[in-house]
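[1] predicted model and sequence follow; I will ask about them next.
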Amino acid sequence: MVYIQTVFKAILGDLGVRHYQVAMTKLTKMRPRANLTPGSRVRQWPMYGVAIWTLPAAQWLGAYGSPQYGEILAYYLTLLTVAAASLMAVWTLRVGRYSRGALICLELALAFWALGLLAGTVQISFVESSANTSHTLYCYLLYTIWVLLLFYIVSTYGDSRVSFSQKLVDAVLMFLLAFMYYVGSDNLLDLHGELSASRDRSMSFADDMLNGFLCLAYAARMITAVSAQEKRFFKVVFNFLLIYAVCEALRNSIHSSDHAAQTMQIVGQSLATIPFTSLMCMLHANRAPLSALPDPSPFLRRISSSIGPAVLLAAIFALSVGMTERHGVLSIWVVAIAIAVYIVRTIQIQYGYVKTKDELAEAIDALERVSLTDATTHIPNRRAFDRTFEDLSASVVRDDKDLGVLMIDIDYFKRYNDHYGHQAGDECLRTVARLLAGALHAQSAFLARYGGEEFVVLLPGMSEEGVGLVAQDLNQAVAEAQLPHAEGVAGRVTVSIGVAYRRPCEICRDLWLRRADEALYVAKQVGRNGFAWQAE
């Protein structure tokens with residue numbers, strides 16, 4: 001690269017080098033194929049369509065050309081498609097455009113589906129030696145794990161609000177669902193591992209019900225996703241499961257029909273490749289960088305978090321409908337256990353709701369206490385004083401009580417800050433607050449920091465003489481503490497107090513405080529370190 005730039009510079013000069021750098025920058029920006037434009041995405045959809053329908057078309061041609069090998073060909077092509085979809089999921093995991101844990105679970109689910117299909121292919125290829133119940137049940141067991149993993153992803157993965165104990169209960173429900181599906185498969189097989197026409201229809205109905213429940217659950221998670229990765233993953237898997245459910249329903253309908261020809265049976269088998277090829281195309285098409293998502297509706301978010309266990313229980317009920325023969329009693333017990341587990345899950349949700357409500361109430365109380373406490377002196381603040389004064393004013397008017405208000409100011413506090421510094425000033429405020437609080441012995445007395453170096457005391461139901469004694473005690477408590485103040489009264493920290501007192505018939509807070517403040521001004525004028533009255 002440096003050599004090419006040197007050649008450009010020698011031939012064309014600096015201008016040529018700049019043009020070369022601009023061109024290389026444009027090519028570098030065009031290189032990452034993940035940065036797709038809307039137009040390029042539109043041009044890719046026909047290619048995806050061709051990829052999706054190529055294998056079914058090949059199977060249809062094979063079915064009409066060689067019907068005896070058409071069914072085996074359908075199995076092998078479907079197995080190849082599932083393996084390719086699993087590899088595409090691995091490639092997507094490397095790119096990092098989806099939720100990593102959920103994508104790994106999807107890869108495992110595809111792997112078990114492929115193993116189940118492989119077991120079925122082996123059984124059909126060697127039908128003379130392998131047609132028995134145990135071999136057929138192996139296939140259904142692998143399909144059961146596929147369903148179990150899909151339900152695990154949609155029920156518990158990625159929801160931070162689901163606790164570990166709730167996930168354990170969900171795991172029990174998923175195990176019961178898998179057990180019911182497995183036992184239901186055994187219930188419909190005869191001793192040779194074969195299905196009669198009526199039992200085949202029952203099995204097809206159970207598969208369609210499971211697919212429908214899965215689509216419903218993934219649609220709910222897709223709508224209420226909170227992150228772009230989660231939204232993209234559940235959208236892709238929902239579309240895949242929807243296509244899978246439709247193709248499986250069509251295949252089961254053709255397979256269960258008594259009048260369907262062999263070629264139509266093979267055509268039905270060929271539909272199995274469509275959902276997995278569609279999954280590969282969707283994973284490839286959604287490889288572009290992620291963008292932010294708006295927050296989902298809180299209502300839909302709550303519905304999504306609670307729909308998983310309900311879907312599991314409904315699926316268990318659906319599978320138990322046709323089990324009336326060999327395992328009828330067992331299915332009743334499984335349903336009963338599932339209902340009990342679901343009740344436990346509901347109790348967990350209710351317990352979590354009550355616990356969260358209590359914690360929220362405690363947090364609100366703590367926040368309320370913090371909002372009503374002064375951060376410096378740790379006594380009630382101006383907001384707490386306003387609220388308390390409003391409550392007291394109503395009670396003293398109603399009960400015809402006396403009310404005394406003391407407005408307290410630290411003498412020469414600005415000089416104190418200038419001389420000792422603001423940190424020492426804050427410590428002085430805390431000390432004075434402790435001294436004032438210690439000198440108030442009446443239970444009804446209320447002390448608050450009014451602002452700056454000012455404090456206020458409310459004394460409801462106290463006589464005029466008692467209010468005067470309280471003011472005198474406060475003066476003495478601060479003065480006798482001998483807090484040094486180089487520019488204060490007698491070289492120590494003192495306070496001046498203005499007293500407003502009356503037996504009111506109606507109280508106006510602003511008027512009341514103004515009178516106390518006027519009395520405080522008088523106390524300062526007469527020499528500080530004392531108190532003055534404004535009584536009516």
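    Structure received. What you see is a predicted model, and the numbers here were worked out from it, not measured in a lab.

[2] all strands for the stretch 351-500 of the chain, in order.
    With DSSP state E, counting those that start in this stretch applied, the stretch 351-500 of the chain shows strands at 403-410, 446-451, 454-460, 484-489, 492, 495-502, listed in chain order.

[3] can you say which of these is nearest to N252?
    Nearest to N252, of all these, is strand 446-451, at 76.7 Å by CB to CB. Where C-beta positions appear, they are placed from N, C-alpha and C, glycine not excepted.

[4] could you tell me the angle between the closest one and strand 403-410?
    Put simply, strand 446-451 runs at 50 degrees to strand 403-410, going by axes from the mean of the first three to the mean of the last three CA atoms, to 10 degrees.

[5] quick one, strands of the stretch 1-150 of the chain?
    Here the stretch 1-150 of the chain has no strands by DSSP E, counting those that start in this stretch.

[6] which stretches of it have low pLDDT?
    1-43, 45, 62-71, 95-97, 123-138, 140 (pLDDT under 70).

[7] follow-up on the earlier one: of all the strands of the stretch 351-500 of the chain, which lies closest to V334?
    Closest to V334 of the strands of the stretch 351-500 of the chain, according to CB to CB: strand 446-451, at 65.5 Å.

[8] just the buried positions in that closest one, please.
    Buried residues in strand 446-451, counting neighbours by 16 or more other CB atoms under 10 Å, are found at F446, L447, A448, R449, Y450.

[9] next, format the strands of the stretch 351-500 of the chain as TSV and append mean pLDDT.
    As requested, the strands of the stretch 351-500 of the chain are exported to TSV (pLDDT from 0 to 100):
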stretch	mean pLDDT
strand 403-410	92
strand 446-451	92
strand 454-460	93
strand 484-489	90
strand 492	93
strand 495-502	90
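
[10] can I get the ones you listed in CSV with distance to I52?
    Formatted as CSV, the strands of the stretch 351-500 of the chain follow (distance: least, CB to CB, whole Å):
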stretch, distance to I52
strand 403-410, 83
strand 446-451, 74
strand 454-460, 79
strand 484-489, 88
strand 492, 92
strand 495-502, 87
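
[11] among the ones you listed, which is nearest R387?
    For the strands of the stretch 351-500 of the chain, proximity to R387 was assessed by CB to CB; strand 446-451 is nearest, at 10.0 Å.

[12] how about the buried residues of strand 446-451 in a markdown table, adding distance to L110?
    Formatted as a markdown table, the buried residues of strand 446-451 follow (distance: CB to CB, whole Å):
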| residue | distance to L110 |
| --- | --- |
| F446 | 70 |
| L447 | 71 |
| A448 | 68 |
| R449 | 67 |
| Y450 | 71 |
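
[13] now flag whichever of these is closest to T92.
    Among the buried residues of strand 446-451, and counting by CB to CB, the member closest to T92 is R449, at 61.1 Å.

[14] that closest one reaches I379, doesn't it?
    Yes. Between R449 and I379 there is a contact under CB atoms under 8 Å: 5.8 Å.

[15] list the contacts for E518?
    Applying CB atoms under 8 Å, 6 or more residues apart in numbering to E518 gives the contacts G498, Q534.

[16] how many residues are close by T346?
    Burial of T346 is recorded as 14 neighbouring residues (other CB atoms under 10 Å).

[17] which element is it on?
    Per DSSP states H and E, T346 falls inside helix 328-371.

[18] so what secondary structure elements neighbour that helix?
    When contacts are defined as 3 or more CB pairs under 8 Å, 6 or more residues apart in numbering; DSSP states H and E, helix 328-371 packs onto helix 164-188, helix 298-320.

[19] pick out the shakiest of these, pLDDT-wise.
    In terms of average pLDDT, helix 298-320 trails the rest of these, at a mean of 67.

[20] returning to that earlier point: pull up the overlap in contacts between R449 and I379.
    In contact with both R449 and I379: A433, using CB under 8 Å, 6+ apart.

[21] please name the nearest non-neighbouring residue to L173.
    Distances taken as CB to CB, 6 or more residues apart in numbering put L312 closest to L173, at 4.2 Å, once the chain neighbours are dropped.

[22] can you check A519 too?
    Closest residue to A519 apart from its sequence neighbours, by CB to CB, 6+ apart: G498 at 3.2 Å.
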